[in-house]
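Engineer: here is a sequence with its predicted model. Questions after.
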Amino acid sequence: MKGELTQQLLDAVGIMLLGMGLVYLFLSVLILGVNLVAKWCREEPKAADPLKVNDASSIGAANTLDPKLVAAISLAVQQYRSQAK
């Protein structure tokens, strides 16, 4: 009886160590794979041009709004706010 219990505990410890070892191995391979993929997919950083607040293209884009569209949006917002009250 005592020998069977000892043998079962030893088997349980062996299975536990095997399982923990396999998890450790899998995680190590996973980390290695992620690092390899990160190295393969790394792109050269592009130099970002600083944004200018008074850029002519941004002023031109703001002037291209259709006044009728702005009026329609304003009217829709006013109607929504009046119905929400």
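Structural biologist: Looks like it came in fine. Numbers count the residues shown, from 1 in each chain.
Engineer: against which helices or strands is the helix or strand harbouring V23 packed?
Structural biologist: Assessed by DSSP states H and E, V23 sits inside helix 2-40. Packing contacts for helix 2-40, counted by 3 or more C-beta pairs under 8 Å, 6 or more residues apart in numbering; DSSP states H and E, involve no helix or strand. C-beta: built from backbone N, CA, C; applies to glycine.
Engineer: mind checking how far that helix is from the chain centre?
Structural biologist: 29 Å (C-alpha atoms, centre = their mean, to the nearest Å).
Engineer: what's the mean pLDDT across that helix?
Structural biologist: Here helix 2-40 scores 96 as its mean pLDDT.
Engineer: would you mind measuring from E4 to Q79?
Structural biologist: 82 Å (C-beta to C-beta, to the nearest Å).
Engineer: residues near A72, how many?
Structural biologist: Neighbourhood size, A72 [other C-beta atoms under 10 Å]: 11.
Engineer: same question but for S28, I mixed them up
Structural biologist: Neighbour tally, S28, other C-beta under 10 Å: 10.
Engineer: what's the spacing between it and N35?
Structural biologist: 11 Å.
Engineer: can you check C41 too?
Structural biologist: 11 Å.
Engineer: G21 now?
Structural biologist: Taking C-beta to C-beta, one finds G21 at 21 Å from N35.
Engineer: same check on K46?
Structural biologist: Counting by C-beta to C-beta - K46 and N35 are separated by 23 Å.
Engineer: what about the two, which has more around it?
Structural biologist: More neighbours surround N35 than the other of K46 and N35, with 10 against 6 (other C-beta under 10 Å).
Engineer: ok, now how distant is the more buried one from V23?
Structural biologist: From N35 to V23 the distance is 19 Å (C-beta to C-beta).
Engineer: what's the answer for G3, then?
Structural biologist: In terms of C-beta to C-beta, G3 sits 31 Å off from V23.
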